[in-house]
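>>> Need the 3D shape of this:
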Amino acid sequence: MKKLFTIILAVFTVSQLNAQIAAWNLYGKVGSEPTATPTVVAPNVIVSDLSRGIGLTAQTGGNTFASTLIPPNTQPYADMNAAIVAQAYYEFTITPKPGVAVNLSAINRFILRIQPNVASAYVWRYGKVGDADANFVNIGSPVILADIGFDFAANGGNIQPLIDLSGISDLQNISEAVIFRLYAWGGAVATSGSGSFRIGQSPSASPQEALSIDGTTVSLTEWNLNGIVGTTVNPPAIAQPTRVNPNIEVSALSRGDGVTAQNAGNAYSSAFPINADKAAAVAADSYYEFTITPKGNALINLSALNVILRVQVDAPKTYIWRYSKDNGNTFQDIGSPYTLTTTNFSFTDNNGIQQPSVDLSGITDMQQFNNPVIFRLYAWGGSSASSNNSFRIGASVTTTRDALTIRGEVVQMNTLPVVLSSFTAKKENNSVKLNWLTQSEQNNSHFQVLRSSDGNTPVVIGTVSGNGNSTSLHNYSFIDSDPLVGDNYYQLRQVDYDGKSTESSIVHINTGFNKTSLNISKLSENDIQLSVYAARAGKGKIQVVSIDGRKVYESSMDFQQGNNQIQIPVNANGMYIASFITAYENISTKFLK
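The predicted model follows:
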């Protein structure tokens, strides 16, 4: 039986520093290789080899990726459209890994070697997998080589102007593959096929990239604290994450009981007590905390934690990150304690200092995990508990300067249509109230409420509409106004718009009633189920008559004490009366079919 998985709140993060997403150093290449593998690939993306369209022919050229641009014994490509039709391009693809978003900022380094009369212009274009060549989009206007003073005689190639990608909305927050193509055209004369069009050179192994793409990966979660101010009397108690990957839940950043909230602009600030060492800080609950929990059946790998700290001169100067996988019962150190000194830190910088990245990739507990991970930042070694003792996460002086980030990737995305956080049953007078909470919903049409007396033969007793597609919390409730006497087993069946269904775990409640009762449930178009709770074992009779007195069903049988289930055929629609008759009592109930 499929299950809906119960979840807890959690958190994730990613660095926003611009860095190389992909780069190609072509040193050592002969130029005519079929493809060129990237020499730099960011951890959270997949980058294809550099390759050629069918309109280019491989050519030798040391430390480059080279091609003949002009077809043998034909005229040069007259314009961009001719080059597009001929598929005369270089190409590569950038694909974010599952659960990762990428912001591309620039084609930052780009070296071209074009021989005289081969081409007079070029342009970069982008598109998605499956797009026709003509549907690709130009990145800016074509570059006219004469306008930029291109040196056609330079064997080492020409470094081209930076190409800004940051203003192209299609290249921001991307989560699927993007294809880049470089076209050139406009040669002056036809040749015998020797016109060279090369990416490169790379004159040395490092760091001479012939082609480099810059950007940022936004993998799981981030806290940008820009705009958090609070007041001296009422500083912020918690700080919510500003970005959360849809495959996880993220708790707010909070404080341990041993630290006192402080006011500080664009930061999450506290006064820490004077603790001599780590053991004292742990005992005093001197920490910041957040929790990361994958949704449903998602699997997560964590790679790094990055934090900006603002620490005043009398505040704690030694800190360590710790984590727990057992709901906070035990914690493990992440690496060794780090001590701030005047050599590696400025205690007067109000904007805070970016700390060394904390490597999480080697911690087994943080690879392919599905259960909550609690993170805590402990600090100790301060000299004053009353002045110049602020220990802050932040500051986020801009909306792009994240104070706390965790990098990682979603190894397996959550595939459950509904993430159920809780499902409970509670007795209220003579009824049972069911409550459930969803963390997210995908294609959710409705819930069917199921009930049985034994946990094995459930029937539908009600329906509650769902919320379609949602990443917000939603509370649901259903009242069973006529529960079974004794044991009641409830279950939810979540139904998609396409008819697919998934069933939750079962919750049990005993109503505590001890009187004989009779309940009706519909099994199918032609059958009903009678649930009889007998206060004592013995012989009895079940009788069903129509509202006009016509007998539809009658049967005598032995009943056990407790719940008894009887399936009865009832074909025609209408109002009926069902009766349970024994030597000592006679109870009846009406039902409509």
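>>> what about the strands in the stretch 401-550 of the chain?
Taking DSSP state E, counting those that start in this stretch, the strands of the stretch 401-550 of the chain run over residues 404-412, 418-428, 431-452, 459-470, 474-480, 487-496, 501-503, 507-510, 517-522, 527-534, 538-546.
>>> In JSON lines: these, plus mean pLDDT, mean neighbour count and distance to residue 147.
The C-beta positions use only the backbone N, C-alpha and C, and glycine is treated the same way. Putting these into JSON lines (pLDDT from 0 to 100; neighbours: other C-beta atoms under 10 Å; distance: least, C-beta to C-beta, whole Å) gives the following:
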{"stretch": "strand 404-412", "mean pLDDT": "81", "mean neighbour count": "24", "distance to residue 147": "41"}
{"stretch": "strand 418-428", "mean pLDDT": "85", "mean neighbour count": "18", "distance to residue 147": "55"}
{"stretch": "strand 431-452", "mean pLDDT": "90", "mean neighbour count": "20", "distance to residue 147": "51"}
{"stretch": "strand 459-470", "mean pLDDT": "91", "mean neighbour count": "15", "distance to residue 147": "49"}
{"stretch": "strand 474-480", "mean pLDDT": "94", "mean neighbour count": "15", "distance to residue 147": "58"}
{"stretch": "strand 487-496", "mean pLDDT": "91", "mean neighbour count": "21", "distance to residue 147": "57"}
{"stretch": "strand 501-503", "mean pLDDT": "85", "mean neighbour count": "16", "distance to residue 147": "61"}
{"stretch": "strand 507-510", "mean pLDDT": "89", "mean neighbour count": "15", "distance to residue 147": "72"}
{"stretch": "strand 517-522", "mean pLDDT": "81", "mean neighbour count": "20", "distance to residue 147": "79"}
{"stretch": "strand 527-534", "mean pLDDT": "85", "mean neighbour count": "20", "distance to residue 147": "83"}
{"stretch": "strand 538-546", "mean pLDDT": "90", "mean neighbour count": "17", "distance to residue 147": "92"}
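>>> Check the burial of the residue nearest to residue 535 when sequence neighbours are not counted by counting its neighbours.
The shortest distance from residue 535 to any non-neighbouring residue, by C-beta to C-beta, 6 or more residues apart in numbering, is to residue 516 (4.7 Å). By other C-beta atoms under 10 Å, 19 other residues sit near residue 516.
>>> Check residue 141 too.
8.
>>> before we move on, what SS does it have?
Reduced to three states with DSSP: H, G, I helix; E, B strand; the rest coil, the structure at residue 141 is coil.
>>> what sits against it?
Residues near residue 141 by C-beta atoms under 8 Å, 6 or more residues apart in numbering: residue 123.
>>> Look up how far residue 239 lies from it.
Going from residue 141 to residue 239 by C-beta to C-beta, to the nearest Å gives 44 Å.
>>> got it, and residue 60?
Going from residue 60 to residue 239 by C-beta to C-beta gives 58 Å.
>>> Next: residue 309.
Taking C-beta to C-beta, one finds residue 309 at 15 Å from residue 239.
>>> ditto for residue 449
Counting by C-beta to C-beta - residue 449 and residue 239 are separated by 39 Å.
>>> for residue 95, same thing?
33 Å.
>>> Which one of these two is surrounded by more residues?
Neighbours were counted for residue 95 and for residue 239 using other C-beta under 10 Å; residue 239 has more, 22 against 18.
>>> what ranges do the helices span in the stretch 51-200 of the chain?
80-85 (DSSP state H, counting those that start in this stretch).
>>> Throw the strands of the stretch 401-550 of the chain into a markdown table and include distance to residue 585, thanks.
Listed next are those as a markdown table, based on distance: least, C-beta to C-beta, whole Å:
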| stretch | distance to residue 585 |
| --- | --- |
| strand 404-412 | 57 |
| strand 418-428 | 24 |
| strand 431-452 | 23 |
| strand 459-470 | 25 |
| strand 474-480 | 24 |
| strand 487-496 | 21 |
| strand 501-503 | 37 |
| strand 507-510 | 22 |
| strand 517-522 | 11 |
| strand 527-534 | 10 |
| strand 538-546 | 9 |
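>>> Let me know which of those strands is the nearest to residue 122.
Distance to residue 122, taken as C-beta to C-beta, is lowest for strand 404-412 among the strands of the stretch 401-550 of the chain, at 34.6 Å.
>>> List the contacts of the residue nearest to residue 461 when sequence neighbours are not counted.
Leaving aside its sequence neighbours, residue 461 sits nearest to residue 451 (C-beta to C-beta, 6+ apart; 4.9 Å). When contacts are counted by C-beta under 8 Å, 6+ apart, residue 451 touches 458, 459, 461, 480, 483, 484, 488, 489, 490, 491, 521.
>>> What score does the fifth one have for pLDDT?
Looking back up the chat, that one is residue 483. Note on residue 483: pLDDT of 86.
>>> Just give the number of residues close to residue 588.
Neighbourhood size, residue 588 [other C-beta under 10 Å]: 12.
>>> With adjacent residues omitted, what lies nearest to residue 489?
Once flanking residues are discounted, residue 489 sits nearest to residue 455: 4.1 Å by C-beta to C-beta, 6+ apart.
>>> So for the one you found, what's the pLDDT?
What the model reports as pLDDT for residue 455 is 84.
>>> Could you report the neighbour count for it?
Around residue 455 there are 13 residues (other C-beta under 10 Å).
>>> so what's it up against?
Contacts of residue 455 (C-beta under 8 Å, 6+ apart): 489, 506, 508.
>>> Which one of those residues is nearest to residue 357?
Among the contacts of residue 455, and counting by C-beta to C-beta, the member closest to residue 357 is residue 506, at 45.5 Å.
>>> nearest to residue 368, of the contacts of residue 451?
Using C-beta to C-beta, residue 491 is the member of the contacts of residue 451 that lies nearest residue 368, at 30.0 Å.
>>> Which residues does the helix or strand hosting residue 280 contact?
Element membership of residue 280 [criterion: DSSP states H and E] is helix 278-283. With contact meaning C-beta under 8 Å, 6+ apart, helix 278-283 is reached by 258, 272, 275, 287, 316, 318, 320, 331, 337, 378, 379, 380.
>>> Next, count neighbours for the first one.
As a burial measure, residue 258 scores 18 neighbours (other C-beta under 10 Å).
>>> What residues are bridge-paired with residue 544?
Per DSSP bridges, the residues bridged to residue 544 are residue 553, residue 578.
>>> Verify the stated contact: it with residue 568.
Yes - the pair residue 544 and residue 568 passes the contact test of C-beta atoms under 8 Å, sitting 6.1 Å apart.
>>> Distance-wise, check the residue nearest to residue 461 relative to residue 434.
Using C-beta to C-beta, residue 451 is found at 9 Å from residue 434.
>>> list residues touching both of the two?
Taking C-beta under 8 Å, 6+ apart as the criterion, residue 451 and residue 434 both touch 480, 490.
>>> Surely residue 477 touches residue 433?
Yes - between residue 477 and residue 433 there is a contact at 6.3 Å, judged by C-beta under 8 Å.
>>> what kind of secondary structure is the residue nearest to residue 526 when sequence neighbours are not counted in?
Nearest residue to residue 526, sequence neighbours excluded (C-beta to C-beta, 6+ apart): residue 571, at 5.3 Å. What three-state DSSP gives for residue 571 is coil.
>>> can you map out the strands along the stretch 201-350 of the chain?
Taking DSSP E, counting those that start in this stretch as the criterion, the stretch 201-350 of the chain carries its strands at 211-218, 221-223, 243-244, 248-250, 254-255, 260-262, 267-271, 287-294, 299-311, 318-324, 332-339.
>>> wait, the stretch 51-200 of the chain
So, for the stretch 51-200 of the chain - with DSSP E, counting those that start in this stretch - the strands run 51-52, 57-59, 64-68, 89-96, 101-114, 119-127, 137-138, 143-144, 158-159, 163-164, 178-186, 196-200.
>>> Determine which of these approaches residue 291 most closely.
Distance to residue 291, taken as C-beta to C-beta, is lowest for strand 101-114 among those, at 21.9 Å.
>>> rewinding a little: tell me which of the contacts of residue 455 is nearest to residue 552?
Ranked by distance to residue 552 (C-beta to C-beta), the contacts of residue 455 are led by residue 489 at 28.8 Å.
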